[in-house]
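# The following block contains a protein sequence and its predicted model.
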Amino acid sequence: MKKYLALGALTCSLCISFGSQSIQAAKEKPVEVVIDNQSVGFVESKEAAHRALKELAIFPKLGAKVEKEIITFNNKIEVKEVEEENLAAMNKKDFIHRLKNLSTTYLVKSKGSWQEEAQRYGVDLVDLLHINQKKKGDPVPEKIYLPVSSIDLAIEAKEQVQYDLTVPYKSQKIEDNSLPKGKEVLVQAGKNGIERVDAKVRRINGEKVEHLIESAELIQEPVNEIIRIGTKQAASGTFIKPTNGRLSSPFGPRWGGFHRGIDLACPIGTQVVAADGGTITRARTHAGSYGNYIDIDHGNGYTTRYAHLSLIEVQVGQKVSQGDPIAKSGNTGRSTGPHLHFEVCNQGQLEDPLKHIQG
Ligand SMILES: [Zn+2]
């Protein structure tokens, strides 16, 4: 059975009332605090005792605005004024420590015989002697230890609190093919939002045992951070050799016709790379005399073609950088042996690839 002593709801530290007596009016007399009929020590004043009990109930704070606070003492607590001086009365801080450590021994000044002290503090005489390592006939020292208390202190505080939480902003990234690949431009700086929370908090001896969020309202929307990220594959304006092969046929008139590019002889399956950065505009298979082939638009007037491929490794629309793998060489279409056929076109006019790369 829990015992309740109506001490009244404490509303704020400046208007503490204790029973019918106002703390402010009380003289600075020491008091004895008795919890569940057991003395827990002497405190320098009634106000210090009461403040200690309240602080124990609500400490530590959330950093929140407390709208309403109700403190309930689930033990029978008596605070008795005492006339004697030199009681080694505790101050508020010491008393809080004492309240937090009710299950340990503590030191008090003695006045009478062992029998009288046991009676005075409501403790068992045998326990008292045992703890002080004395026998019944031994003189009582100036300070004696009181035995372990069996008090189960439970000061309950219920608070209605309000506090603000930070709502972190999100980062939004937008691809932008007008910006060079990898370049980032901050379009809008992010700003955190604020959420206002109303909650009920319940504490026992200052320790939070319940935290119930009753409402959470977004009072300031977070603002997304917006960043543009460049995806444009800038052409370097120069071409590298698209595969490792020997020049087997140059650009120009051939066999009464016109050879539109150069042939680089290489085994089937040799890696083919983009001669410069750009966008894949064609990736065709079994396309007549070219066989499987790829076109790249370099965005600067130049396009390149890679033909007779055995395997295409890119898709139309894909952006590539100079040197990116795009295909494997082969012998598809009208071809007299494994090689890569490579064309360079400037503003729609074929150019000799060897003007651009070293065969
Ligand atoms: Zn060719």
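Thanks, I have it. Numbering: from 1, shown residues only.
# residue ranges of the strands in the stretch 51-200 of the chain, please?
65-73, 77-81, 106-109, 143-146, 155-167, 171-180, 184-188, 193-204 (DSSP state E, counting those that start in this stretch).
# Indicate each strand paired with the fourth one and its parallel or antiparallel sense.
Read it as strand 143-146. Paired with strand 143-146 in the same sheet, following DSSP bridges, are strand 106-109 (antiparallel).
# For the partner strand, what does the pLDDT average out to?
Average pLDDT, strand 106-109: 73.
# any chance of the strands of the stretch 51-200 of the chain in JSON lines, plus distance to the ion?
All C-beta spots, glycine's among them, are computed from the backbone N, C-alpha and C. Putting the strands of the stretch 51-200 of the chain into JSON lines (distance: least, CB to the ion, whole Å) gives the following:
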{"stretch": "strand 65-73", "distance to the ion": "81"}
{"stretch": "strand 77-81", "distance to the ion": "102"}
{"stretch": "strand 106-109", "distance to the ion": "101"}
{"stretch": "strand 143-146", "distance to the ion": "105"}
{"stretch": "strand 155-167", "distance to the ion": "62"}
{"stretch": "strand 171-180", "distance to the ion": "32"}
{"stretch": "strand 184-188", "distance to the ion": "42"}
{"stretch": "strand 193-204", "distance to the ion": "62"}
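# Columns mean neighbour count on top of the ones you listed, output as JSON lines?
Listed next are the strands of the stretch 51-200 of the chain as JSON lines, based on neighbours: other CB atoms under 10 Å:
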{"stretch": "strand 65-73", "mean neighbour count": "15"}
{"stretch": "strand 77-81", "mean neighbour count": "16"}
{"stretch": "strand 106-109", "mean neighbour count": "15"}
{"stretch": "strand 143-146", "mean neighbour count": "18"}
{"stretch": "strand 155-167", "mean neighbour count": "17"}
{"stretch": "strand 171-180", "mean neighbour count": "12"}
{"stretch": "strand 184-188", "mean neighbour count": "12"}
{"stretch": "strand 193-204", "mean neighbour count": "16"}
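# ok and the residue in the stretch 151-300 of the chain nearest the ion?
Asp263 (4.2 Å; CB to the ion).
# Could you pull up the contacting residues of the closest residue to the ion within the chain?
As assessed by CB to the ion, the ion sits closest to His341 within the chain, at 3.4 Å. Residues counted as contacts of His341 (CB atoms under 8 Å, 6 or more residues apart in numbering) are 261-263, 290, 293, 305-308, 335.
# Burial check on the residue nearest to Asp176 when sequence neighbours are not counted, number of neighbours?
Nearest residue to Asp176, sequence neighbours excluded (CB to CB, 6 or more residues apart in numbering): Arg228, at 4.2 Å. Residues near Arg228, counting by other CB atoms under 10 Å, number 17.
# Ok, the one 3 residues further on next?
The burial metric for Thr231, expressed as a neighbour count using other CB under 10 Å, is 15.
# my guess is it meets Lys173, correct?
No - counting by CB atoms under 8 Å, Thr231 sits too far from Lys173 to count as a contact (10.9 Å).
# Get me the contact residues on the stretch 151-300 of the chain for the ion.
Contact residues, the stretch 151-300 of the chain versus the ion (CB under 5 Å from the ion): Asp263.
# which stretches of the stretch 151-300 of the chain form helices?
Using DSSP state H, counting those that start in this stretch, the stretch 151-300 of the chain contains no helices.
# Pull stretch 333-352 out as PDB, backbone CA atoms only.
Presented in PDB, the C-alpha positions along stretch 333-352 are these (Å, rounded to 0.1, in the frame of the first residue of the first chain):
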ATOM      1  CA  GLY A 333      29.000  -6.600 -91.900                       C
ATOM      2  CA  ARG A 334      31.000  -6.400 -95.000                       C
ATOM      3  CA  SER A 335      34.500  -7.100 -93.700                       C
ATOM      4  CA  THR A 336      37.400  -9.100 -95.000                       C
ATOM      5  CA  GLY A 337      38.900  -9.800 -91.600                       C
ATOM      6  CA  PRO A 338      38.800  -8.800 -87.900                       C
ATOM      7  CA  HIS A 339      39.200  -5.100 -87.600                       C
ATOM      8  CA  LEU A 340      37.700  -1.800 -86.400                       C
ATOM      9  CA  HIS A 341      36.500   0.600 -89.000                       C
ATOM     10  CA  PHE A 342      36.700   4.100 -87.600                       C
ATOM     11  CA  GLU A 343      35.300   7.300 -89.200                       C
ATOM     12  CA  VAL A 344      35.600  11.000 -88.200                       C
ATOM     13  CA  CYS A 345      33.000  13.400 -89.500                       C
ATOM     14  CA  ASN A 346      33.200  17.200 -89.100                       C
ATOM     15  CA  GLN A 347      30.000  19.200 -89.800                       C
ATOM     16  CA  GLY A 348      28.800  16.400 -92.000                       C
ATOM     17  CA  GLN A 349      32.100  16.100 -93.900                       C
ATOM     18  CA  LEU A 350      34.300  13.000 -93.600                       C
ATOM     19  CA  GLU A 351      37.800  13.700 -92.500                       C
ATOM     20  CA  ASP A 352      40.900  11.500 -92.500                       C
END
